[in-house]
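Asks: Here's a sequence, model it:
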Amino acid sequence: MKTVKMGVIGYGNRGTGLTKDVLLHMKDVEIIAVCDNYADRVEKAADLVEKAGFRRPFGSTNYMDILNMDSLDAVLVSTSWETHVEVAIDALKKGIPVALEVGGAYSVERLWDMVRAQESTGTPLMMMENCCFGKTELLATALVRNGLLGEIVHCHGAYGHYLAEEIASGNEKRHYRLRNYLSRNCENYPTHELGPIAKVLNINRGNQMLSLVSVASKAVGMKDYVNRNADKYPDLVGKEFRQGDMVNTLITCADGSTISLRLDTTLPRSYSREFTVRGTRGLYEQATNSVYLEGEREYWETDQYYRDVLNNAARFEKDYLPDVWGKITPEDIAIGHGGMDGIEFRQFINALKSNSEMPIDVYDAAAWMCVTALSAASIAAGGMPQAIPDFTGGLWTVRKPRDVVEIPIVK
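Replies: Residues are numbered from 1 along each chain as shown. Okay, the predicted model is just below:
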């Protein structure tokens, strides 16, 4: 297949952004169908494609109309969190390869249905977790693969993103976060932090997440924000939000390593994913882009050392940074989230065209997304541990490790 004919289902911010900033710039991709629940979004999406110089795509408010098209080579699912899995299952059953946007799952059972649909049809599915393709995440992974950090013991990550305005304006923007924050209490967006960690730890490929414990703080951040902006959000004044302001999740793995995740979206803060890798010989810390290696300094405990190592990870880029970043162009960096989205979609399209294994497959998607449903159960039970299913059916013990891009091994 020379040109991949794609349908895009879901035209909120993410679907629109990916269309405008990524897909319309890929010479071997043609968007032939667009879909959203809202007719005005469908028209705007079709206009966007047409104004970029392409044939006007077919549009519908019913995603099954898209999946019933004979000429479709793949579909991007960028709908609301509630419908990601449902649409993906229907696409897989039709034999249509799926690029599945991120979000947590509401039901472990439906994740099993998605896995079985993929296995029974053999249709490719890739979870589009763009942070797995981030520059710092891939550099840290390369340091791990080359042994610089020793044996990995613990990893930490967070979704630290102050979203009060986006959540509160959910009705106006027709965004799903509002209804979720009003009605649920869980780790609702785990994959930005968990995805890169799972790849570092070879989850589903020689290692496995076994169980989790989640606890949530009180939920007062959104209520306070709404009360301070009552003129903008009068319909939300007096509403109780269920989503805790801080959700902390601890995960234990088969190899004895641990993972900590934090959801932090309703109290004022700057953006951070807090990606951190701890090993027997060193540490990588994304917040400061720093690498601490045993034996390099004798004054680790001093403030001066902390200042000295700020951004020192840059010195490892020449030898360890994968080519997708080492050879990136300014034009590539301008495409979606500083270049991550373009790299990610290129991997999907290349794998699809070559009929090769997806770098983030259905087992990864199910394992990462189930954290949301299980965290809700753990929080509701006062922090009781929840078993994480083995969606590979035991194959994790024999599946070979595989990174999302080729990692340089320095001799």
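
Asks: CA only for contacts and neighbour counts going forward, please
Replies: OK.

Asks: The nearest residue to Cys131 once chain neighbours are set aside: how many residues sit nearby?
Replies: Counting by CA to CA, 6 or more residues apart in numbering, the nearest residue to Cys131 once its immediate chain neighbours are dropped is His192, at 5.6 Å. By other CA atoms under 10 Å, 20 other residues sit near His192.

Asks: Which strands and helices lie in contact with the top helix by length along the chain?
Replies: For the chain, the helix with the greatest residue count under DSSP state H is helix 362-380. Where contact means 3 or more CA pairs under 8 Å, 6 or more residues apart in numbering; DSSP states H and E, helix 362-380 is packed against helix 108-121, strand 125-127, helix 191-200, strand 209-216, strand 386-387.

Asks: lowest average confidence, helix or strand, in the protein?
Replies: Here the helix or strand of the chain ranked lowest by mean pLDDT, DSSP states H and E is helix 303-308, holding a mean of 72.

Asks: show me where the stretch 101-250 of the chain has strands.
Replies: Counting by DSSP state E, counting those that start in this stretch, the segments of the stretch 101-250 of the chain that form strands are 125-127, 152-160, 209-216, 246-253.

Asks: so Ala99 sits right up against Thr79, yeah?
Replies: No - contact status for Ala99 versus Thr79: not in contact, 11.6 Å apart, counting by CA atoms under 8 Å.

Asks: Distance-wise, check the most centrally placed residue in the chain relative to Val200.
Replies: In the chain, the C-alpha nearest the mean C-alpha coordinate belongs to Glu129, at 3.3 Å (CA atoms, centre = their mean). From Glu129 over to Val200 the distance is 14 Å, taken as CA to CA, to the nearest Å.

Asks: returning to what we had before: nearest to Leu321, of the strands of the stretch 101-250 of the chain?
Replies: In terms of CA to CA, the element of those nearest to Leu321 is strand 152-160, at 19.3 Å.

Asks: quick check: angle from the closest one to helix 191-200?
Replies: Orientation of strand 152-160 against helix 191-200 (axes from the mean of the first three to the mean of the last three CA atoms, to 10 degrees) gives an angle of 160 degrees.

Asks: just checking, what packs against strand 152-160?
Replies: Using 3+ CA pairs under 8 Å, 6+ apart as the test, strand 152-160 ends up in contact with helix 191-200, strand 258-264, strand 276-279.

Asks: Relative to Ala387, how far out is the closest residue to Tyr181 other than its chain neighbours?
Replies: Distances taken as CA to CA, 6+ apart place Gln243 nearest to Tyr181, at 4.9 Å, with adjacent residues excluded. Gln243 sits 22 Å away from Ala387, going by CA to CA.

Asks: Can you pick out the residue with more neighbours from these two?
Replies: Gln243 (25 against 15).

Asks: tell me the domain ranges of this protein?
Replies: Following automatic domain parsing, one gets these domains for the chain: 4-129, 132-325+362-397.

Asks: what's the first-to-last distance across the shortest one?
Replies: Right, domain 4-129. End-to-end distance (CA to CA), domain 4-129: 20 Å.

Asks: Now do the same for Met1: its pLDDT.
Replies: Turning to Met1, the model gives it a pLDDT of 68.

Asks: swap in Gly336?
Replies: In this model, Gly336 is scored at 73, pLDDT.

Asks: now do Gly295
Replies: With respect to pLDDT, Gly295 scores 78.

Asks: where does the stretch 251-400 of the chain have low pLDDT?
Replies: Confidence mapping of the stretch 251-400 of the chain against pLDDT under 70 gives the ranges 297-303, 305.

Asks: circling back: quick one: contacts for the residue nearest to the centre of the chain?
Replies: 101-102, 191-192, 195, 344 (CA atoms under 8 Å, 6 or more residues apart in numbering).

Asks: Scan those and report the most crowded one.
Replies: Using other CA under 10 Å as the neighbour test, these are led by Thr191, with 30 neighbours.

Asks: I'd guessed that residue sits against Ala105; true?
Replies: No - the pair Thr191 / Ala105 is not scored as a contact, 10.8 Å apart, by CA under 8 Å.

Asks: Show me the common contact partners of these two, please.
Replies: Shared contacts of Thr191 and Ala105 (CA under 8 Å, 6+ apart): Met369.

Asks: quick one on the thing from earlier: any idea how far the residue nearest to Tyr181 lies from His192?
Replies: According to CA to CA, Gln243 stands 19 Å off from His192.

Asks: How many neighbouring residues does the residue lying closest to Asp47 once chain neighbours are set aside have?
Replies: Distances taken as CA to CA, 6+ apart place Arg56 nearest to Asp47, at 7.2 Å, with adjacent residues excluded. Arg56 is flanked by 18 other residues according to other CA under 10 Å.

Asks: how much space is there between Arg56 and Glu50?
Replies: 5 Å.

Asks: what do you get for Val75?
Replies: Counting by CA to CA, the gap from Val75 to Glu50 is 19 Å.

Asks: Which of those two has more residues huddled nearby?
Replies: Using other CA under 10 Å, the more surrounded residue of Val75 and Glu50 is Val75, with 27 against 14.

Asks: where's Ala45, which helix or strand?
Replies: helix 39-51 (DSSP states H and E).

Asks: any idea how far that helix is from the chain center?
Replies: 26 Å (CA atoms, centre = their mean, to the nearest Å).

Asks: Check stretch 47-61 too.
Replies: 27 Å.

Asks: Any buried residues in it, and which?
Replies: 48-49, 56-61 (16 or more other CA atoms under 10 Å).

Asks: Would you mind measuring the gap between the ends of it?
Replies: Note: stretch 47-61 ends 15 Å apart using CA to CA.

Asks: Stretch 387-403 too?
Replies: Termini of stretch 387-403 sit 26 Å apart (CA to CA).

Asks: Show me which residues of it are buried.
Replies: Under the neighbour-count criterion of 16+ other CA under 10 Å, stretch 387-403 has 388-392, 396, 402-403 buried.

Asks: Let's see which of the residues you listed end up in helices.
Replies: Using DSSP H, none of those sit in helices.
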